[in-house]
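Asker: Let's see this in three dimensions:
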Amino acid sequence: MKLHPECFGSRYEKQVKLPQLYFEKLIEEESKNSAMLGAFIGSELVGLCGLTPSTSKQVEIIQMYVVNKNRGLGIAFKLLDLAKRHLKLFNCNSLILTVYQTNLSAIKTYQNAGFNIV
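Answerer: The predicted structure follows:
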C-alpha cells in the first residue's frame, strides 16, 4: 500500500493509524460475508483480491493487487475470474469496483476482463 497506493482504495497514511486493517478484522472474525482471494506462485503470495457485499445483489472488489514483478502473467485475470465465480457464494449477480482515473493499467486490465466503465 505504501509503495503502490494507486492499487488501493485507501491511503497508507490513513490505514497505518488504524488498530486493525479491514480485512484483517474480517479474517480474524471468520466473516462469511466477505472474502480475501489470494494468488500464489509456490508458497509466495503474489496477488490478492478482496470482496465484500455492496448491496443485496452486488459484490464490490475493495482490494486488488498483484506484486509488481509478477504483473503481466495473467494473475489479475485469474483473480478476477475467481471473484466472478464467488458471486454465487454471495448469492449476488454483479461485481463492481472503483478505480482511480489515473490508474490506466488497472482500467485496461478490468476492461479486458469484461468490466464496463459506468
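Asker: list the helices and strands the helix or strand harbouring residue 108 packs on?
Answerer: Using DSSP states H and E, residue 108 falls within helix 104-112. Helices and strands touching helix 104-112, by 3 or more Cβ pairs under 8 Å, 6 or more residues apart in numbering; DSSP states H and E, are helix 75-86. Heads up, the C-betas are built off the backbone N, CA and C, glycines and all.
Asker: Of all the residues in the helix it packs on, which ones are buried?
Answerer: 75-76, 79-80, 83, 86 (16 or more other Cβ atoms under 10 Å).
Asker: neighbouring contacts of it?
Answerer: For helix 75-86, the surrounding residues in contact (Cβ atoms under 8 Å, 6 or more residues apart in numbering) are 35, 37, 39, 46-49, 51, 59, 61, 64, 66, 95, 109-110, 112-113.
Asker: For residue 58, list each beta-bridge partner.
Answerer: Per DSSP bridges, the residues bridged to residue 58 are residue 94.
Asker: So it sits against residue 91, correct?
Answerer: No: taking Cβ atoms under 8 Å as the definition, residue 58 is not a contact partner of residue 91, at 11.2 Å.
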